[in-house]
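Participant: Build the 3D model from these lines:
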Amino acid sequence: MKKVALLTGITGQDGSYLSEYLLGKGYIVHGIKRKSSQFNTQLIDNIYQDPTIPNRNLILHYGDMTDSLSMTKIIKKIRPNEIYNLAAQSHVGVSFENPEYISNVNSLGTLRILESIRLLNLQKKCKFYQASTSEMFGDLVKKNLNEKSNFLPKSPYGVSKLYAYWITKVYRDSYNIFACNGILFNHESERRGETFVTRKITKGLAEIKVGKRKCLYVGNLNSKRDWGYAADYVKMQWKMLQKKKADDYVIATGKQISVREFINKSCNYLGIKIGWKEKGLKEFAIVKSIIDKNSNIKKGDIIIRVSKRYFRPNDVDNLLGDPSKAIKELNWKPLVSIDAIIKKMIDNDLKLL
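Facilitator: Residues are numbered from 1 along each chain as shown. This is a model prediction of the structure:
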């Protein structure tokens, strides 16, 4: 009999990759999406168009993480073998503007799913995966953050995810629910939302390259992150739920670069050589040379500027993960380098343009 998986956040970056991965393994995949006046299934439309995947193997339901009744009704109807909670308001900057909503979705939304599993007596049938985040660590002095590191979140988003992390552990220990936390460090792809800094950079530079934009405005250039590839990371999420005993794992590459370095690498791939001038809020990047002589960009153009509006009230400057436990116990390792990720993202943005 086919395994049945339920994915919250199926229309997002991770949800789209994970649904493809599970369907490839023969699962029947159910996904929860919010009711919207606009189409919001672009990232999974390709699945419906794939003639090798029967339509009945991917089923979508309307639901909301803030509505416990709708969540319980869906779980009761499906009675899944695995639940992957990928739904969240995941923009750190926005969390400062809407902290109550963030907490309702990210914190209480996770609790609602765990309570449904308990109340429906699915402890022996259903395994649960919670998408946790490196933002829970905050700005700790320790660089190689692992499963034993302390938490010190610096945003409402990080705090909301920390609640979800701990309530997952509480339900695992209290009710014998197979529940895992995947502590994911930053993971990008060509499916990344346009408000996230990496996609903002690749899309913005692609637009500058073809003459649709003059300058890209960014925030903290010195912020360092451990960036991996989303399609790699969803495989780890599945691996966690195949273990005999539930546990928590850091998913990371163990390498990091700054936002400034990400911009440099992106420009290099586009054949643009830039130089940085000034410091702080006055810093900007100027074009020193360009390979494509037919480009709309000229030597001396200022194509990157720093803007105060993109700084967070309380930013995390440094995040670097240690995935040693996952590599050892789950036989997993990140496969796609940061340079390959940038290439994939820019190629996709140029194609879209």
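Participant: Spit out the contact partners of Ser337.
Facilitator: In this structure, Ser337 makes contact with no residue, judged by Cβ atoms under 8 Å, 6 or more residues apart in numbering. Quick note: C-beta positions are derived from backbone N, CA and C, even for glycine.
Participant: Looking at it now. What's its pLDDT?
Facilitator: Ser337 carries a pLDDT value of 96.
Participant: so how far is Glu190 from it?
Facilitator: The spacing between Ser337 and Glu190, counted by Cβ to Cβ, to the nearest Å, is 15 Å.
Participant: Neighbours of Gly12, how many?
Facilitator: Taking other Cβ atoms under 10 Å as the neighbour definition, Gly12 ends up with a count of 24.
Participant: Same question for Lys279.
Facilitator: A total of 9 residues lie near Lys279 under the criterion other Cβ under 10 Å.
Participant: For it, report the pLDDT, please.
Facilitator: On the pLDDT scale, Lys279 gets 92.
Participant: mind listing the strands in the stretch 251-353 of the chain by residue range?
Facilitator: For the stretch 251-353 of the chain, the strands identified by DSSP state E, counting those that start in this stretch occupy 257-258, 272-277, 284-290, 302-306, 320-321, in order along the chain.
Participant: out of those strands, which comes closest to Ser155?
Facilitator: Using Cβ to Cβ as the measure, strand 320-321 is the one of the strands of the stretch 251-353 of the chain that comes nearest Ser155, at 17.9 Å.
Participant: who does the closest one pair up with?
Facilitator: Paired neighbours of strand 320-321 in the sheet (DSSP bridges): strand 144-145 (parallel).
Participant: Quick check: mean pLDDT of the partner strand?
Facilitator: 92.
Participant: ok, so what distance separates Lys212 from Asn264?
Facilitator: When distances are taken as Cβ to Cβ, Lys212 and Asn264 turn out to be 22 Å apart.
Participant: In terms of neighbours, single out the busier of these two.
Facilitator: Between Lys212 and Asn264, Asn264 has the larger neighbour count (other Cβ under 10 Å), namely 17 against 11.
Participant: Who are the contact partners of that one?
Facilitator: With contacts defined as Cβ under 8 Å, 6+ apart, the neighbours of Asn264 are Ile274.
Participant: Please tell me how far it sits from Pro99.
Facilitator: If you measure Asn264 against Pro99 using Cβ to Cβ, the figure is 34 Å.
Participant: before we move on, what about Lys298?
Facilitator: In this view, Lys298 and Pro99 are 44 Å apart by Cβ to Cβ.
Participant: Of those two, which one has the most company?
Facilitator: Comparing Lys298 with Pro99 by other Cβ under 10 Å, the one with more neighbours is Pro99, at 15 against 8.
Participant: With adjacent residues omitted, what lies nearest to that one?
Facilitator: Nearest-residue entry for Pro99: Pro156, 3.8 Å, with adjacent residues in sequence omitted and distances by Cβ to Cβ, 6 or more residues apart in numbering.
Participant: Equivalent analysis for Ser295, please.
Facilitator: The spatial neighbour of Ser295 that comes closest, neighbours along the chain excluded (Cβ to Cβ, 6+ apart), is Lys209 at 6.3 Å.
Participant: so the one you found touches Asn296, yeah?
Facilitator: Yes: counting by Cβ atoms under 8 Å, Lys209 touches Asn296, with 7.4 Å between them.
Participant: Settle it for me: which of the two has more neighbours?
Facilitator: Lys209 (23 against 14).
Participant: residues in contact with the more buried one?
Facilitator: 270, 272, 292, 295-297, 350 are the contacts of Lys209 under Cβ under 8 Å, 6+ apart.
Participant: List only buried entries from those residues.
Facilitator: Among these, those classed as buried by neighbour count (16 or more other Cβ atoms under 10 Å) are 270, 272, 295, 297, 350.
Participant: Point out the least confident one among those residues.
Facilitator: Ser295 (77).
Participant: Ramachandran coordinates for that residue?
Facilitator: Phi and psi for Ser295, reported as degrees, to the nearest 10, are phi -70, psi 160.
Participant: Distance check, it against Pro323.
Facilitator: In this structure, Ser295 lies at 39 Å from Pro323, with Cβ to Cβ as the measure.
Participant: next one: Lys235
Facilitator: Going from Lys235 to Pro323 by Cβ to Cβ gives 13 Å.
Participant: Show me which of those two is the more surrounded one.
Facilitator: Regarding Lys235 and Pro323, a neighbour count based on other Cβ under 10 Å identifies Pro323 as having more, with 25 against 15.
Participant: Hmm, that one is touching Ile251, no?
Facilitator: Yes: using Cβ under 8 Å as the test, Pro323 is close enough to Ile251 to be in contact (6.2 Å).
Participant: Would you map the strands across the stretch 101-250 of the chain?
Facilitator: Per DSSP E, counting those that start in this stretch, the stretch 101-250 of the chain has strands spanning 127-133, 144-145, 178-184, 187-188, 216-218, 224-225, 228-229, 249-251. These are given in chain order.
Participant: buried set for the fifth one?
Facilitator: Using 16+ other Cβ under 10 Å as the test for burial, strand 216-218 gives 216, 218.
Participant: Quickly run through the sheet partners of it, with directions.
Facilitator: Strand 216-218 has the following strand partners under DSSP bridges: strand 302-306 (parallel).
Participant: How about the first one?
Facilitator: Paired with strand 127-133 in the same sheet, following DSSP bridges, are strand 82-85 (parallel), strand 178-184 (parallel).
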